[in-house]
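Enquirer: Let me see the structure of the following:
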Amino acid sequence: MSAPRKPLIVALALTIGLAAFHRFGRPIWTPVYYGLVGKRTVDGVVATLGPGARERLAPYLERASVQETPERVTLIAIKDESRLEVWVGPESSPTFVRAYAIARQSGTGGPKLREGDGQVPEGVYRIESLNPNSSYHLSMRVNFPNAFDLARAAEEGRSEPGSDIFIHGKDVSIGCLAMGDEVIEELFVLAADVGVERMSLLIAPSDPRHAPLEPRGPAWVAGLYATLTRAISRYPRPPESP
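Expert: Model prediction:
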């Protein structure tokens, strides 16, 4: 190898390494970054990003004839379609707002059973809290494992069923739903406006409004899928594709 080519190869390797670290090493460098520039608050993020996020979402709310801040929001994630639907209003008369494409998710069909399995959970969940200092721009914490997940884990002797599941920005995910930065801004601001206590989340392997869910894994999955089917069937299959 000629001497002039060595610096070029080293520079290229460093560039690739830094790009990979920036993309995949966020849990390492993001806390350092916020330590230097100061942590954000939910109110601060909403004040800064709220106007743009609301403006982007406004046409969909207007088309759905939603004039005021919704009293409830339900998110429906369909894993095999990489689709996240946004519905507002009570279960008795929900209104479809829009669907987003999920930028990245990991795993396959079937529930999350243990820490590190890379699975996106499946079940009936709620948004637990908002994180303005996420390693992935912004994030919304899902209450996984919930009481159902913990009970099944205890029955089967699984001491580490998993944790730290989020809907977040960017397009990198291990068990979470990565939505991209603009989308998570819209969802984050909507959650802040409505209140996380009024947001629920349904995650299914496929759409039970299209075809019956096929249980896989432990015997209890059949009961979980029956519950998911009843819950999601309250929301008509929307015509819009993300």
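Enquirer: okay, now the domains of this protein?
Expert: 1-39, 40-232 (automatic domain parsing).
Enquirer: show me the contacts for the closest residue to Gly116 other than its chain neighbours.
Expert: Nearest non-adjacent residue to Gly116, counting by C-beta to C-beta, 6 or more residues apart in numbering: Gly162, 7.7 Å away. All C-beta atoms are positioned from the backbone trio N, CA, C, and that covers glycine. By C-beta atoms under 8 Å, 6 or more residues apart in numbering, the contact list for Gly162 reads 112-117, 119, 121, 144-145, 175.
Enquirer: Just the buried ones from the residues you listed, in ChimeraX syntax?
Expert: A single ChimeraX command selects the buried members of the contacts of Gly162 (16 or more other C-beta atoms under 10 Å):
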select :112,113,117,119,121,144,145,175
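Enquirer: Using CSV, please lay out the contacts of Gly162 together with pLDDT and distance to Leu138.
Expert: Formatted as CSV, the contacts of Gly162 follow (pLDDT from 0 to 100; distance: C-beta to C-beta, whole Å):
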residue, pLDDT, distance to Leu138
Lys112, 97, 22
Leu113, 97, 28
Arg114, 95, 27
Glu115, 96, 24
Gly116, 94, 24
Asp117, 95, 25
Gln119, 97, 23
Pro121, 98, 20
Phe144, 98, 18
Pro145, 98, 23
Gly175, 94, 18
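Enquirer: Closest to Ala226 out of the contacts of Gly162?
Expert: Pro121 (17.0 Å; C-beta to C-beta).
Enquirer: now for the longest strand along the chain, which elements pack on it?
Expert: Ranked by number of residues, the top strand in the chain under DSSP state E is strand 123-131. The elements that strand 123-131 packs onto, with contact taken as 3 or more C-beta pairs under 8 Å, 6 or more residues apart in numbering; DSSP states H and E, are strand 139-142, helix 147-156, helix 181-194, strand 199-204, helix 221-232.
Enquirer: what about the fourth one, distance to the chain center?
Expert: From the chain centre to the centre of strand 199-204 is a distance of 10 Å (C-alpha atoms, centre = their mean, to the nearest Å).
Enquirer: residues of that strand that come out buried?
Expert: Using 16+ other C-beta under 10 Å as the burial criterion, the residues of strand 199-204 that qualify are 199-204.
Enquirer: Now the phi/psi pair for the most centrally placed residue in the chain, please.
Expert: In the chain, the centroid-proximal residue (C-alpha atoms, centre = their mean) is Ile167; its distance is 2.3 Å. When read as degrees, to the nearest 10, the backbone of Ile167 gives phi -100, psi 120.
Enquirer: All further residue positions should be reported with the first residue as 40.
Expert: From this message on, residue numbering opens at 40, which makes the last subject Ile206.
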